[in-house]
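Asks: The sequence and its predicted three-dimensional model are supplied below.
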Amino acid sequence: MEKELAEKYEKLQKKMEGYLPAGIVVAFSGGVDSALLLKLACSTAAGKGKKVYAVTMQTKLHPAGDLESAGRCAAEAGAVHKVLQIDELIESGIEDNPLNRCYLCKREIFRKIKKFAGELGAGCVLEGTNADDLHQYRPGIRALRELQIISPLCECGLTKAEIRELAGYLGISAANRPSSPCLATRLPYGTRISYELLERIDEGERYLRDLGFYNVRLRVHGLTSVVNTEAEAEGGAAAENIPCSAQVLENGTNEGTEWLARIEVDREDLPKLLDVRKELIEKIKKLGFNRVTVDLEGFRSGSMDRVKP
């Protein structure tokens with residue numbers, strides 16, 4: 001381990017020692033960031049009669065297998081795992097996918113986690129924002145600050161690559177787990193979110209991973225909306241194809257929208273897509289996506305943040 005990383009690691013350990021007397025609750029997704037926090041919190045608490053709680057939200061906005069993975073990882077760290085329920089589309093009011101979606105969602109999630117921590121008498125709620133996140137569009141960080149949620153990895157200046165290195169050093173099973181952000185990030189802002197659409201996206205990404213691709217995203221764009229004009233209703237004129245940039249129709253749904261699935265994989269894996277081209281197109285179209293394309297720039301975390309109405 002290089003000197004700079006060792007110093008950051010030591011700083012993080014000291015922070016954990018400082019949090020322990022007040023009681024620690026970790027907002028826990030099971031990803032490498034929160035897994036590193038949980039491991040260090042549990043290691044610090046070991047032998048001191050303190051429990052560390054890992055809180056995972058049961059939500060349809062995340063891939064189906066995340067909850068099970070989080071449970072295994074929490075047990076591995078020695079934490080008490082608590083699952084809280086949330087329906088973000090209703091409770092956070094994000095069905096129309098506004099630009100501040102992440103803020104609204106994080107605010108509701110962490111209100112619930114903070115309430116749970118208060119019931120336990122735990123004074124420190126930790127979460128896994130890292131130093132790289134500060135250089136991307138992350139409106140949810142504002143909610144964390146408002147609710148006084150602690151982001152130790154960010155405070156220590158730890159990047160994603162450094163977090164993976166530390167997780168590997170500590171033998172954490174999630175060290176090389178691909179990032180698995182909210183499925184709503186696969187849609188452009190302004191596209192109405194439905195659980196049915198997110199389930200199809202999740203199934204498509206699982207299929208790509210089963211094919212052996214590591215980092216995958218199935219980004220989805222609405223192309224056109226078929227709208228019946230008054231003339232058609234009265235006398236049979238052809239339906240009008242209208243470009244749909246925001247993808248929310250006048251009736252407040254995505255009904256009638258044609259969907260384009262844009263596949264992102266790591267750049268070095270792009271040639272491999274040609275080997276499975278036929279079956280991949282067939283599978284994605286069976287999921288209800290009308291057109292399939294490959295993003296030649298390859299996988300980029302947060303690439304949809306550049307697509308705004």
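Replies: Alright, I've got the coordinates.
Asks: Just the buried residues of stretch 7-20, please?
Replies: 8-9, 12, 15-16, 19-20 (16 or more other Cβ atoms under 10 Å). Where you see a C-beta, it was placed from the backbone N, CA and C, and this is true even at glycine.
Asks: Run the chain-centre distance for that stretch.
Replies: Computed by Cα atoms, centre = their mean, to the nearest Å, the chain-centroid distance of stretch 7-20 equals 26 Å.
Asks: hey, C-alpha coordinates of it in PDB?
Replies: The C-alpha coordinates for stretch 7-20 follow below in PDB (Å, rounded to 0.1, in the frame of the first residue of the first chain):
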ATOM      1  CA  GLU A   7      -2.400   7.800   5.500                       C
ATOM      2  CA  LYS A   8      -6.000   8.100   4.300                       C
ATOM      3  CA  TYR A   9      -6.700   4.600   5.700                       C
ATOM      4  CA  GLU A  10      -5.300   5.600   9.100                       C
ATOM      5  CA  LYS A  11      -7.400   8.800   9.000                       C
ATOM      6  CA  LEU A  12     -10.500   6.800   8.300                       C
ATOM      7  CA  GLN A  13      -9.800   4.400  11.200                       C
ATOM      8  CA  LYS A  14      -9.400   7.300  13.600                       C
ATOM      9  CA  LYS A  15     -12.700   8.700  12.400                       C
ATOM     10  CA  MET A  16     -14.400   5.400  13.100                       C
ATOM     11  CA  GLU A  17     -13.000   5.400  16.600                       C
ATOM     12  CA  GLY A  18     -14.400   8.900  17.100                       C
ATOM     13  CA  TYR A  19     -17.900   7.800  15.900                       C
ATOM     14  CA  LEU A  20     -18.200   4.700  18.000                       C
END
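Asks: Need the residues that contact it.
Replies: Stretch 7-20 is contacted from outside by 1, 24, 40-41, 43-45, 48, 50, 124, 126, 150, 152-153, 155-158, 162, 166, using Cβ atoms under 8 Å, 6 or more residues apart in numbering.
Asks: In helices only, show me those.
Replies: Per DSSP state H, helices hold the following members of those: 40-41, 43-45, 152-153, 155, 162, 166.
Asks: secondary structure class for the residue nearest in space to the middle of the chain?
Replies: For the chain, P181 is the residue whose C-alpha lies nearest the centre (Cα atoms, centre = their mean; 1.5 Å). With DSSP: H, G, I helix; E, B strand; the rest coil as the basis, P181 sits in coil.
Asks: thinking again about what came up before, inside helices: which ones of the buried residues of stretch 7-20?
Replies: 8-9, 12, 15-16, 19.
Asks: picking that back up, what's the PyMOL syntax to select whichever of the contacts of stretch 7-20 are buried?
Replies: Applying 16+ other Cβ under 10 Å to the contacts of stretch 7-20, the buried members can be selected in PyMOL as follows:
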select buried, resi 24+40+41+44+45+124+126+150+152+153+156+158+162+166
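Asks: Tell me the buried residues in the helix ranked longest in the chain?
Replies: Across the chain, the longest stretch assigned as helix under DSSP H is helix 101-120. Buried residues in helix 101-120, counted by 16+ other Cβ under 10 Å: 101-114, 116-117.
Asks: and which of these is nearest to G288?
Replies: Using Cβ to Cβ, R101 is the member of the buried residues of helix 101-120 that sits closest to G288, with 22.7 Å.
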